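Chemist: following is a predicted model, sequence given first.
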Amino acid sequence: MSRLKITKHEISAKDTTFFSVLLETANANQMFLSETEDKFGTLAVSMPQPKNLVGTPVSSVLLGDRNMMIARLLAEILAKKTEKMSLVSVFVKSLDEQEAGPILRKLLDETLKKVEEN
């Protein structure tokens, strides 16, 4: 039986520290991405596409309205990379989605790389 795994990571960009917390279970992931401190933000969910199906991933925003597009996009990326149902929470106040997007994508990628290394 597999237990919950927790991975934390942080990066600095635009004079701000961005944090990630990844919670992994056998069949799903939940990732919290935030600036300055760990906070809950807009929550999106995504299901991985079956390998024989072509098309866009199934995703939706569950809570919140700020950073909706980046939360949904990052949930889709996480689901595709891990092949698990994925929930992603994004809390960013000081940057717009266009500025925050590349930073949070890098944070997601570095967090997953840290998981692979352990």
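Modeler: Arrived safely, thanks for sending. Residues are numbered from 1 along each chain as shown.

Chemist: name the SS class of residue 98, please.
Modeler: Under DSSP: H, G, I helix; E, B strand; the rest coil, residue 98 falls in the helix class.

Chemist: residue 58 reaches residue 47, doesn't it?
Modeler: Yes: counting by CB atoms under 8 Å, residue 58 does reach residue 47; the two are 4.5 Å apart. In short, each C-beta sits where N, CA and C put it, glycine included.

Chemist: against residue 38, how distant is the residue lying closest to residue 57 once chain neighbours are set aside?
Modeler: Spatial nearest neighbour of residue 57, chain neighbours left out: residue 76 (4.3 Å); criterion: CB to CB, 6 or more residues apart in numbering. Between residue 76 and residue 38 the computed distance is 23 Å (CB to CB, to the nearest Å).

Chemist: neighbour count winner among the two?
Modeler: residue 76 (22 against 14; other CB atoms under 10 Å).

Chemist: ok, now which ones touch the more buried one?
Modeler: Residues near residue 76 by CB atoms under 8 Å, 6 or more residues apart in numbering: 46, 57, 59, 86.

Chemist: ok, now residue 71?
Modeler: Contacts of residue 71 by CB under 8 Å, 6+ apart are 41, 42, 43, 44, 61, 64, 88, 89, 90.

Chemist: same thing but 10 Å
Modeler: 33, 41-46, 59, 61-64, 87-92, 97, 104 (CB atoms under 10 Å, 6 or more residues apart in numbering).

Chemist: out of these, which are buried?
Modeler: Buried residues within these, counting neighbours by 16 or more other CB atoms under 10 Å: 33, 41-46, 59, 61, 64, 87-92, 97, 104.

Chemist: strand partners (parallel or antiparallel) of the helix or strand containing residue 20?
Modeler: Assessed by DSSP states H and E, residue 20 sits inside strand 16-24. Partners of strand 16-24 in the sheet, by DSSP bridges, are strand 5-13 (antiparallel), strand 28-35 (antiparallel).
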